[in-house]
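>>> I need the structure of the sequence given here:
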Amino acid sequence: MESYFVYILKCADGTLYVGSTNNLERRLKQHNGAKTGAHYTKIRRPVSIAYREQVLNLSLALKREHEIKSLSRARKLELIRLGLSTLRQL
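Residues are numbered from 1 along each chain as shown. Model (predicted):
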């Protein structure tokens, strides 16, 4: 079974981008150069991985991506700072 990653990128302008993928290395390369990167990151390069967590399947990845996207910027930064896989403790 293929695992997935949910990640937060830090963009060159200081903004954050949340996404999910089954191949984190490939997706980072896409965000930083390939035509297949997200439009949001294309105009904010370079981007770097600030946070990542591994999940078991696509369904869980999409659910967790949505959870993280719904957080405030301050909560996302706290997640990055603490390196937590879950915010349920905060």
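
>>> got a list of what Thr21 touches?
Applying C-beta atoms under 8 Å, 6 or more residues apart in numbering to Thr21 gives the contacts 4-5, 7, 27. Where C-beta positions appear, they are placed from N, C-alpha and C, glycine not excepted.

>>> is it bridged to anything, and to what?
For Thr21, the beta-bridge partners are Phe5 (DSSP bridges).

>>> could you check how far Arg64 is from Asn32?
23 Å (C-beta to C-beta, to the nearest Å).

>>> which of those two has more residues huddled nearby?
Arg64 (19 against 15; other C-beta atoms under 10 Å).

>>> please look at the more buried one and Leu56 and confirm they touch.
No - assessed by C-beta atoms under 8 Å, Arg64 is found out of contact with Leu56, at 10.5 Å.

>>> out of the contacts of Thr21, which comes closest to Leu60?
Taking C-beta to C-beta as the measure, Leu60 lies nearest Tyr4 of these, at 7.2 Å.

>>> can you name the residues that contact that closest one?
20-22, 54-58, 60-61.

>>> what do you get if the cut-off is 7 Å, keeping everything else the same?
20-22, 55, 57-58, 61 (C-beta atoms under 7 Å, 6 or more residues apart in numbering).

>>> quick one, what contacts the nearest residue to it once chain neighbours are set aside?
Leaving aside its chain neighbours, Tyr4 sits nearest to Ala61 (3.7 Å; criterion: C-beta to C-beta, 6 or more residues apart in numbering). Contacts for Ala61 were tallied using C-beta under 7 Å, 6+ apart; they are 4, 6, 20, 55.

>>> could you check how far Ala61 is from Ser48?
In this structure, Ala61 and Ser48 are 20 Å apart, going by C-beta to C-beta.

>>> Arg64 too?
20 Å.

>>> still on that earlier bit, name the SS class of the residue nearest to Tyr4, please.
helix (DSSP: H, G, I helix; E, B strand; the rest coil).

>>> and the one 4 residues further on, by the same measure?
For Glu65, the reduced secondary structure class is helix; criterion used: three-state DSSP.

>>> Asn32 reaches Arg45, doesn't it?
Yes - counting by C-beta atoms under 7 Å, Asn32 touches Arg45, with 5.7 Å between them.
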